[in-house]
Structures are given as structure tokens and as C-alpha cells.
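no sequence on this one, just coordinates:
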């Protein structure tokens, strides 16, 4: 039977053949760490994890943890088995073990700095101090071991402990980590920071308890806890269990990663509008079909859920060289499924495009294509789609710049208008202000190309302020030249009325222009929201009290609520072009439109028909209680500075 004595504890290879380790050490902790590292690596490479810089640091942490655990096992096994007093490899492995742990501590700091996105001025001093500490700790550990001033083994195998370099190095790194996490705690989501705090405290307490009981079996285990916190709090991007999809944010990362690697991808977008409402979910049958499509037709495809009714499947082209055949198969299979389910759909297919990948805008790119294709259409991406998207991005960037500068006389926003004919006076004495954009690279842009974009991105109110300012400027100019007219109306989005400064912004522009308030009118479209209705009522009451007139725009579209309309003190009801067209279809339709107009007229509202294009439209609208007429019969939209051609001067 072989015995050795270390730290006053006898270790042996007993008759049972079971290894007995020194210092109460057990390899179970380190073996568990090694197995966990392998498990994590397998997990992150068989699921989708964002390939960020912090993720690469995370993978390095896993590698160094594995090496530290393996080195600790080898170090103790070798130590327990030496009988000739030659401990050179024990010293080497022990120093390597500490070096791997110091590497982890340094990587913790690098990881935290990356997550907090520190400015260069803050990042550089921390990294310089940490790197100096890292090399200094390793150098001192090696020096004290070689010189015998630190850890030392006598010939009979007894350990003599001198300067504990690892302990002081560990404490120094912990101080830097604690400093970073406390000083910059507001840079990360509170719950994430609390998760890191908790795991660091648990790790420190475990090492402290281990030191008290004289056992170092769980040193590497304590380093594992923060890594598990990183995986769960930062890098987990769980799948939708039922659908097998991940969220759209991860799509940007996948595109960016493959773009950097110069790898082309193919995408398959399915949009089912029947499910595109908050809280709605695909039926079980559709979920099953989507899972099957994602797994059967493309190798290594990743499924993303963009909205409740919109999914995108992406796969590397190099792993699907026969992707055209695969696309044909999935389309054929889908045609079978669509007959079964009977839902409307839009499908967009294509290869990634560098200029779209560079901007990581595939969701926007696909949505723009969807907006321009018919329902129940399968569309392959074409050059025109890319050109349209580039224009979209350019317009968006210009809108952002207009919003940022807030120049109320910005030359890119063009003031146009359409004169309105007064039936009673037989003159043009009102007009509707219209907006155009004139952009350097693409020229004139019409409202249907930018109004929705401005509303979606919160830029619409600035555009309204600009067109109101330019309208007030022209009203002032017309009044100065002696023209006689009632007012010019400006369209306002219901969305911008939610801004608490809306009323004051409107008042400020009109007051600063020095024109009578009644020369300005605001056109509003009815909202279906109860809260918007109450807000609209308050705004109308406030501005109407100062003399501003109000139009209800687009009456006859959507679901007009007569009770709400009557509850709002409008001056003019604008009948949409669709009612003008409908009234020409048959006698019954004309009677219905006429009855509505008569009702408003009897209630002292003025009725304005828009979209009047010929004499037939004009005669019919006059019969249907028209007060005002607007349309191409009288004038197409013109620059507002030409409005004087239609208005008359005071006699």
C-alpha cells in the first residue's frame, strides 16, 4: 500500500484501488464544470444565439473554464502520485491553473466593459489597469513558486505555503469588477445587473467557505456561476416552444453575421393578415405546417416571428445550393396547404442583397414589398424592389433630418394647394393646403410615399408645423396684396394630436404670423378610438374658441360614427370622392348620399364634395346640397404661390 503525506493529510492508493486526494480535494466539481462547458458549447451551436462581440468573449470564458478545470484535475492527480520528490510538473500545472483562472477574471472585465459600451476615455484606463494586473499576477505567481517564497513542496511531499498570490490577485480583480458594476450600473437593465450581482456574491461566498473548511474542490465551480448568468441573462434567445421561431431582433444579428462572413442567404417570408393583430396566434394546424416547412425544405433554416401574423425563414445559400428546387417544392407544398386553411396571404422570396444586409433592414424591405403586391401573391424579389427600398430609406433619412432640424421654412417641404369652389358666391374663396417633398436625389415625392412613413416614425407633427407655417406665410402675403378669401385648410393627423404640445404649437405659429385665426382651418379624419375622440374634442374646443375652423375629412370612408361626429363642433363635412362615385352608380345611391348631405345642411354644417372631375359630378353634387366643390374639374394641386390666380381682390 502506497502512502504520502501532504498538508498533514495522508493520501493513498488503498487496497480498493480508489484514489484518495490531498487537501480534501474531490475531482467531482471540476469534472462537472468540464461537462457543463461541453454542454453549453453544444447548446449554443445547435440553437440560435446572437453572434455579438460579447458572445465571442463568452465562448473564450467557456474555453478557459474548461482548461482551468482540466488542469486542476491533472495537477491534483499528478501531485498525489509522485513518489520521487520531483514536483516540477506539479508547479507548472499549478501556475497554469492559476493563469487560466486569472484569464477568466480578465475576460469578466472585458465582458462587462463590452456590455456597458463604455466610452473610450472610460474603457482604456480600466483595461490598462486590468491587463497590467493580469500579467503582474501571473509573473509574481511564477516567481514566488520558482523562488520558493510562495507555494513550495518539501522532498517528503509536505506543502509549505508562503505568499498566496492567487488570493490577492483574485481580490484585486473582484475590486475592479465591483467598481465597474457599481459605477456604471445604470448602463444595463436593472434585472440583468441584479443577476450578475447575485452570482458574483454567491461565487465569492463559496470560495470563502471553501477556504474556511480547507477544501479547494469548488474553486472552478465558483467561476462557473457568472458564466451561467451570462448565458441566461444576455445570450439566451429562446424559441417559441409551439412555433419554433425566435424574435425579429435576432434576425438583424443573423443577417449582420453572415454579411460580415460574405455569405449569401435565402429568405422566405409568409404574411397572414388575418392573424396580424396583437394577442392573436396561429392555429395549431398552421403552426404544425410552419414547423414542417422550416425543417423539411431548407437545411439549417432559422425561423423568425416578426409579428403575430408574419414569419420569415432564413437559411444559408451555401448549405442549400439547390435552393431554387427547394423554393419550388415549398411553394407547391404551400399551395396545397393554403387550399386547406383558406386564409389570405402574401409571400416574398429572394436572396439577400448586400445593400439591404449592410443596413440590417430586411423586415422593412419585405414589408415595403408586401405593401406593393396584391393579396394571395407569391413574389420573387426583383431589382425594382431594391430600388424602391433605397428610395424608401432615402426618404426616411430626409424626414429624420427635417425632424431633427425643425426648420419651419425647410425648403424640402413644398406647400401646394387645391382651390375650392364656393357654390353660393360662385368664386374660389377657400383652398386645401397639400404637402410635397422635393428631395435633392430623387426630386418630387408625393404624400402617399411619405405621410405613412412620417406617421410611423413620429415625424408627422413637424411636417404639419412646416406646412402650417408656409400656409400662414402665404395667407399673410395674400392679405397684404388685398385678396378676398375665407380660409386655407391644413390636414392634421390624429396621431400628432396625442402630443401634449400640439395645441400650443398650432397657436404659436398662427399668432407669430400675425394673421386672423379664422383664415386657418384644420382638417381632421375621424378616429375610432374613444380616447382620441375625447382628445380631439378638447383640441377643437380650444382652437375653435380662438377662431380656427374645423373640417371633418374623408367622410364616407371607414366606419363613420354619427354620434361622435355630432359630438364634435365641425364647421364643414368633406364628403369623400368615393361618395361622389357611388352617387353616380344608380338613383338609390344618389338618394342616400343626398339624404346624408341634406341632414348635415339642416344641422348648419357646410358640405364639401371632393373629387369632382366633370360637369356631371358638379351638377349631381349641387343637387345633393353641396356648399363647396373641390376636384380636378376646377384645378389640379398647384404650388401655393399660384393661388392668387384663383382668388379675387377686394373691390
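It's in. Everything numeric in this text was worked out from a predicted model, so none of it was measured. Numbering: from 1, shown residues only.

low pLDDT regions in the stretch 451-600 of the chain?
527-529, 558-561 (pLDDT under 70).

what do you get for the chain?
1-24, 48, 50, 80-85, 153-160, 188-191, 237-242, 527-529, 558-561.

for it, which strand is longest?
In the chain, taking DSSP state E as the definition, the longest strand is strand 427-439.

what's that strand packed up against?
helix 383-405, strand 413-422, strand 443-445, helix 447-456, helix 460-480, strand 487-491, strand 648-649 (3 or more CB pairs under 8 Å, 6 or more residues apart in numbering; DSSP states H and E). Where C-beta positions appear, they are placed from N, C-alpha and C, glycine not excepted.

what do you get if the cut-off is 7 Å, keeping everything else the same?
Identification of packing neighbours for strand 427-439 by 3 or more CB pairs under 7 Å, 6 or more residues apart in numbering; DSSP states H and E yields strand 413-422, strand 443-445, helix 460-480, strand 487-491.

Which among these is found nearest to residue 613?
strand 413-422 (12.5 Å; CB to CB).

List the strands paired with that closest one, with their directions.
strand 427-439 (antiparallel), strand 628-630 (antiparallel), strand 638-639 (antiparallel) (DSSP bridges).

If you count neighbours, what's buried in the longest one?
The reference is to strand 427-439. By 16 or more other CB atoms under 10 Å, the buried positions in strand 427-439 come out as 427, 428, 429, 430, 431, 432, 433, 434, 435, 436, 437, 439.

Pipe those residues into TSV and attach distance to residue 626 per row.
Below are the buried residues of strand 427-439 laid out as TSV (distance: CB to CB, whole Å):
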residue	distance to residue 626
427	15
428	15
429	15
430	13
431	17
432	16
433	21
434	21
435	26
436	28
437	32
439	37
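
returning to that earlier point: the longest strand of the chain: how far from the chain's middle?
Offset of strand 427-439 from its chain centre (CA atoms, centre = their mean, to the nearest Å): 36 Å.

for stretch 94-111, same thing?
Put simply, stretch 94-111 sits 35 Å off its chain's centre (CA atoms, centre = their mean).

hmm, back to that, and the angle from the longest strand of the chain to helix 447-456?
For strand 427-439 against helix 447-456, the angle by axes from the mean of the first three to the mean of the last three CA atoms, to 10 degrees is 70 degrees.

Adjust the sequence numbering to begin at 588 for everything that follows.
Got it, the first residue is 588 from now on, which makes the last one we talked about strand 1014-1026.

ok, residue 683 touching residue 659?
No: contact status for residue 683 versus residue 659: not in contact, 9.7 Å apart, counting by CB atoms under 7 Å.

Ends of stretch 1154-1167, what's the gap?
25 Å (CA to CA, to the nearest Å).

just to revisit the earlier point, out of the helices and strands packed on strand 1014-1026, which gets nearest to residue 1039?
helix 1047-1067 (9.3 Å).

Would you mark the buried spots in the closest one?
1047-1062, 1065-1066.

Quick one: name whatever helix or strand follows that helix.
strand 1070-1071 (DSSP states H and E).

Please name every helix or strand in contact with that following strand.
Contacts defined by 3+ CB pairs under 7 Å, 6+ apart place strand 1070-1071 against strand 1235-1236.

which helices and strands does the strand it packs on pack with?
strand 1070-1071.

can you map out the helices along the stretch 838-987 of the chain?
871-883, 910-928, 941-946, 949-958, 970-992 (DSSP state H, counting those that start in this stretch).

Then the stretch 1138-1238 of the chain?
Assigned by DSSP H, counting those that start in this stretch, the stretch 1138-1238 of the chain shows helices spanning 1149-1153, 1164-1170, 1174-1189, 1202-1210.

Thought residue 892 was touching residue 950, still the case?
No: between residue 950 and residue 892 there is no contact, the gap being 11.1 Å when judged by CB under 7 Å.

list residues touching both of those two?
Residues touching both residue 950 and residue 892 by CB atoms under 7 Å, 6 or more residues apart in numbering: residue 835.

so what's residue 644 up against?
Residue 644 touches 694, 697, 698, 701, counting by CB under 7 Å, 6+ apart.

now residue 1020
Neighbouring residues of residue 1020 by CB under 7 Å, 6+ apart: 1002, 1004, 1054, 1058, 1075, 1076, 1077, 1227.

do the same with residue 661
Shown in contact with residue 661 (CB under 7 Å, 6+ apart): residue 680.

Any chance you could list what contacts stretch 1008-1019?
In contact with stretch 1008-1019 (CB under 7 Å, 6+ apart) are residues 1004-1007, 1072-1076, 1209, 1213-1217, 1221, 1230, 1233-1235.

now do the same end-to-end measure for that stretch.
Using CA to CA, one end of stretch 1008-1019 lies 11 Å from the other.

circling back: more neighbours: which of residue 683 and residue 659?
Taking other CB atoms under 10 Å, residue 683 and residue 659 do not tie; residue 659 has more neighbours (27 against 18).

Name the residue closest to the centre of the chain, please.
residue 836 (6.2 Å; CA atoms, centre = their mean).

so residue 857 touches residue 934, yeah?
Yes: with contact defined as CB under 7 Å, residue 857 counts as touching residue 934 (5.7 Å).

Looking at these two, which is more packed in?
Between residue 857 and residue 934, counting by other CB under 10 Å, residue 857 is the more crowded of the two (22 against 19).

Check the gap between that one and residue 834 for me.
16 Å (CB to CB, to the nearest Å).

Skipping adjacent residues, who's closest to residue 771 in space?
Among residues not flanking residue 771 along the chain, residue 703 sits closest, at 4.7 Å (CB to CB, 6 or more residues apart in numbering).

Oops, could you answer that again for residue 784 instead?
Leaving aside its sequence neighbours, residue 784 sits nearest to residue 768 (CB to CB, 6+ apart; 6.8 Å).

Confirm the one you found sits in a helix?
Yes: assessed by DSSP: H, G, I helix; E, B strand; the rest coil, residue 768 belongs to a helix.

For the closest residue to residue 1078 other than its chain neighbours, which three-state class applies?
Take residue 1078 and drop its neighbours on the chain: the residue closest to it by CB to CB, 6+ apart is residue 1110, 4.7 Å away. Secondary structure for residue 1110, judged by three-state DSSP, is strand.

Any idea what residue 1110 is bridged to?
Going by DSSP bridges, residue 1110 forms beta bridges with residue 1078, residue 1138.

quick one: it and residue 1160, what's the gap?
11 Å.

Pick out whichever of these two has more residues nearby.
Neighbour comparison, residue 1110 and residue 1160: the larger count goes to residue 1160, with 24 against 20 (by other CB under 10 Å).

Helix or strand for residue 808, just tell me which one.
helix 806-817.

same for that helix, what does it pack against?
helix 615-633, helix 640-668, helix 675-703, helix 777-800.

Could you pull out the buried residues of that helix?
806, 807, 808, 809, 810, 811, 812, 813, 814, 816, 817.

and if you look at stretch 749-758?
Within stretch 749-758, the residues that count as buried by 16+ other CB under 10 Å are 750, 752, 753, 756, 757.

Redo those residues as a markdown table? Include distance to residue 869.
Shown next, in a markdown table, are these (distance: CB to CB, whole Å):
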| residue | distance to residue 869 |
| --- | --- |
| 750 | 64 |
| 752 | 59 |
| 753 | 55 |
| 756 | 54 |
| 757 | 51 |
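
Number of residues surrounding the spatially closest residue to residue 817 that is not a sequence neighbour?
Among residues not flanking residue 817 along the chain, residue 645 sits closest, at 5.5 Å (CB to CB, 6+ apart). Per other CB under 10 Å, the neighbour tally for residue 645 reads 21.
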